[in-house]
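1. The following block contains a protein sequence and its predicted model.
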Amino acid sequence: MADLLLIDRRLIARGVTRSSTLRFMFWLVPWVALVALGVYAAALCLYYGLNQTHMDNRFAFGMWIYLDLGMIAMGAGAFFTGFLVYILKQEDLKPILNSAVVVGLICYSGAVAVLMVDVGQPLRAWFTFWHPNTHSMLTEVTFCITCYLFVLILEYLPVLLRNRQMRKVPSFLVFEYQLHKMVPVLAGLGAFLSFFHQGSLGGLYGVLRGRPFAFRQGFAIWPSTFFLFILSALAVGPSFLMLVTATAETLAGRRLALPSVFRKLGFISGVLLGIYVAAKAIDTLIWLNVTSRAVGFSPWDFYSYKPFGSALLFLEIVPLGLLPAILLTLPMTNKKRGWVLCGAALACSGVLLNRFILTVQTLALPTLPFDDFLQYIPSWQEVATFTGVIAYGVILYSLSYRYLPLFGQAKGVDKNVSVG
Amino acid sequence: MFPWVDGFHWSPGHIIFLSLFFVVVLTIVSTFARAIWRTASDFRTHHAAETCWRLNFAELPEAERRCRHELAGRLDNRICPNAFDCRHCAQYAEFAALPAKAASLQAGVSFSSDLLYHRGHTWVRPEADGALTIGLDELAQHLIGRPDSVQLPAQGSAVESNGVAWRMTKNGHEIQVRAPVDGTVVATGGDKQGWYLKLRPHHPVNLRHLLRDAEVPGWLAGELDRLQLQFSTPNAQPCLADGGTLMSDLMDAMPAADWDAVLAATFLQA
């Protein structure tokens, strides 16, 4: 035990105060238990197959795909913050960049892990790369997410190598410095990859002609959902980052980011959310009046199946779309931390609801005269895998916060100090 | 994926998609490879120690990066922008010309005006034959006492300024002592001899970066203040200083102190 305390203390950066080792271990215990349960559930699914879930041939997307879509949207803060800092030179956001990278890594690695369980047959995962179906949006998603995960790992590596003990190894320290110098390249690459896979995830639903609730017209080969997903991810990425930072601040009992960082992220998030809500409203109007009627459906019929009434549409666009956009953008509310966080929480809820509607409501609704309204309730294995991934995220973030410079220490080499 | 793999089509969509994919993969791989290559290159060209030191210096608390002229009382408040390498400081001559305020030091740590001091608590003595003798200063000796083990570099090996000169262990703590100057090791001593290394400088020697004269007491006074703070009990009430001198072998005398933090601050580890 004494050794553990010593190791823990030596891993924490000098001059930084963290909770006691014992308290930290107590904090980790429930999350580790959830991860263990999740691993067990995932192993059952991989061993026995998807009969362990409540998905079937008609309800092929369930809780896991919802988790994927949600996490990838929330993880957009990583690439977007990197883009803002390194490409648009918004240096004042630099102190939260490391935290954004960790959030992104958690979201994308969690999403990939769940996808591997969902797709099954992980030993054949390479097939999708070796024999790609370039007509499928999913192929683009698979390629981009995999590549971006590697980009995130490369972006996380310098953060990891800044650990107090890692820094003592000269080759690690020099490698961290050299890799850090190339992070702008990775930030640009991340923005490129994210743009396409966020879009393709949306496009995936928009091209479903057999699902008129989701089917959308669009531009060239891309349905409107392609662009809506990009916009919504850009909008909520910074909001989710603010929520994570605020949660970490509450748990740590100290301020981790300057109020100006919150204000800036809030404003960026609010403006983008406003554009998204406007685009979403126009898209919905076109769908209501043109797209769905063109294929012989009365759009309001889709909302006659409870609990998916039209109130859900209103909820998504107004209280969880327009309202947070106003809260985050208006100077009066943007200056108040409470309102900014409230706006961020509403914005994230709105986009999570959007992903839920597109995944679950789309598949639940009947599309043929002899179809019934389908009900789907996830099995315990699906729930356990889902919560296991969330718990993994909490653990990775907690460890990173404790042992790595996540906030305000992204100064790298002093500006006045030149390295040979 | 490739023309010889089943499912490949010579269609524009296929070619564009896969080309973009390969460009992305090549960019990721080349970025990683370039970082490794540059790292290896830094070690090959002997820039690695300098890079490590400057990265480490940037992470030190401001209180540990104070300019030598502030220590001597020539300036009120200045953080060193040159990683303690005054040889490249454009303002050195300007500040050195200012009058120094001599600080008195009566805390049981002595220093010699014949020696030059490095902030990592080593001293340097130029010898008549051109060699440089290096030892631990008195404050560091008071802290460590007799080390459990000492790992000295082999004779003939090169030591780089601000790199690791030698390592010691004491009560389970590893101590890396920073080299105050570059050079080739010509002889090694130890705590019994009172000095640890004799170096033959690589180039014509320039010791301008080392502390001397009025700078030394100012620096040591600051170091003793730091130690007092680090050794004080958390949440202790304000109390009157009672004077006294620094005990010897503090690591044995105060095993419960946060030696991790004390040693890191003393030997300039971030």
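-> It's in.
2. tell me the mean pLDDT for stretch A:225-244?
-> Average pLDDT, stretch A:225-244: 96.
3. ugh, wrong one, stretch A:30-41
-> 98.
4. burial count for the closest residue to chain A within chain B?
-> Proximity of chain B to chain A (C-beta to the nearest C-beta) peaks at B:P81, 3.6 Å away. Placement of C-beta: from N, CA and C, glycine included. Counted with other C-beta atoms under 10 Å in any protein chain shown, the burial measure for B:P81 works out to 16 neighbours.
5. Which of the helices or strands spans it?
-> Following DSSP states H and E, one finds B:P81 outside all helices and strands.
6. How much space separates it from B:C67?
-> Distance, B:P81 to B:C67, using C-beta to C-beta, to the nearest Å: 8 Å.
7. got it, and B:G120?
-> 16 Å.
8. What of A:Y148?
-> From A:Y148 to B:C67 the distance is 45 Å (C-beta to C-beta).
9. list the contacts for the nearest residue to A:T134 once chain neighbours are set aside?
-> Using C-beta to C-beta, 6 or more residues apart in numbering or on different chains and skipping the chain neighbours, the partner closest in space to A:T134 is B:F17 (4.6 Å). Going by C-beta atoms under 8 Å, 6 or more residues apart in numbering or on different chains, B:F17 touches A:P132, A:T134, A:T139, A:E140.
10. how about B:F17, phi and psi?
-> phi -60, psi -50 (degrees, to the nearest 10).
11. How confident was the prediction at it?
-> B:F17 is assigned a predicted lDDT (pLDDT) of 88.
12. before we move on, what about A:K411?
-> 39.
13. And B:V216, by the same measure?
-> 90.
14. A:Y148 and B:C67: which is more packed in?
-> A:Y148 (29 against 22).
15. Not counting sequence-adjacent ones, nearest residue to the more buried one?
-> A:L193 (4.3 Å).
16. quick one: contacts for the one you found?
-> A:F79, A:C144, A:C147, A:Y148, A:V151, B:V24.
17. okay if I get those as TSV plus secondary structure and pLDDT?
-> Below are the contacts of A:L193 laid out as TSV (DSSP: H, G, I helix; E, B strand; the rest coil; pLDDT from 0 to 100):
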residue	secondary structure	pLDDT
A:F79	helix	91
A:C144	helix	90
A:C147	helix	93
A:Y148	helix	93
A:V151	helix	94
B:V24	helix	94
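18. List the buried residues of the one helix or strand A:R263 maps to.
-> Following DSSP H and E, one finds A:R263 within helix A:259-286. Within helix A:259-286, the residues that count as buried by 16 or more other C-beta atoms under 10 Å in any protein chain shown are A:261-270, A:272-274, A:276-277, A:280, A:283-284.
19. Output the below-cut-off pLDDT ranges for the stretch 1-150 of chain B.
-> Applying pLDDT under 70 to the stretch 1-150 of chain B flags residues B:102-108.
20. thinking again about what came up before, okay, angle between the helix or strand hosting the residue nearest to A:Y148 and helix A:259-286 too, please.
-> A:L193 belongs to helix A:183-206 when assigned by DSSP H and E. Computed by axes from the mean of the first three to the mean of the last three C-alpha atoms, to 10 degrees, the angle separating helix A:183-206 from helix A:259-286 equals 30 degrees.
21. can you tell me if stretch B:20-27 touches chain A.
-> Yes - using C-beta under 8 Å from any C-beta of the partner chain, we find that stretch B:20-27 touches chain A at B:F21, B:V24, B:V25, B:T27.
22. The nearest residue in space to the last one that is not next to it in sequence: neighbouring residues, count only.
-> With C-beta to C-beta, 6+ apart as the criterion, B:T27 has its nearest non-adjacent residue at 5.7 Å, and that residue is A:L189. Counted with other C-beta under 10 Å, the neighbours of A:L189 add up to 23.
23. What separation is there between A:L189 and A:L152?
-> From A:L189 across to A:L152, the span is 11 Å (C-beta to C-beta).
24. Break down the stretch 51-200 of chain B into its strands, ranges please.
-> Applying DSSP state E, counting those that start in this stretch to the stretch 51-200 of chain B gives strands spanning B:116-118, B:122-126, B:132-136, B:149-151, B:158-159, B:164-170, B:173-178, B:183-190, B:195-200.
25. An error on my part: the question was meant for chain A.
-> A:218-219, A:222-223 (DSSP state E).
26. need the least confident one among those strands, by mean pLDDT.
-> Among these, strand A:218-219 scores lowest, with a mean of 82.
27. List the strands paired with that one, with their directions.
-> Using DSSP bridges, strand A:218-219 pairs in its sheet with strand A:222-223 (antiparallel).
28. quick one on the thing from earlier: hmm, which of the contacts of B:F17 is lowest in pLDDT?
-> A:T134 (82).
29. Let me know how buried that residue is, in neighbour terms.
-> Neighbours of A:T134 under the rule other C-beta under 10 Å: 18.
30. Spit out the contact partners of it.
-> So A:T134 contacts B:H9, B:S11, B:G13, B:H14, B:F17, B:L18 (C-beta under 8 Å, 6+ apart).
31. quick one: contacts for the first one?
-> In this case it means B:H9. Contacts of B:H9 by C-beta under 8 Å, 6+ apart are A:T134.
32. That one: which element?
-> With DSSP H and E as the test, B:H9 turns up in no helix or strand.
33. Next, work out how far apart it and A:F129 are.
-> For B:H9, the distance to A:F129 - C-beta to C-beta - is 16 Å.
34. same question for whatever helix or strand B:L263 lives in, mean pLDDT?
-> B:L263 is part of helix B:259-266, with elements assigned from DSSP H and E. For helix B:259-266, the mean pLDDT works out to 90.
35. and it, which residues are buried?
-> B:W259, B:D260, B:V262, B:L263, B:A264, B:A265, B:T266.
36. Brilliant, that's me finished.
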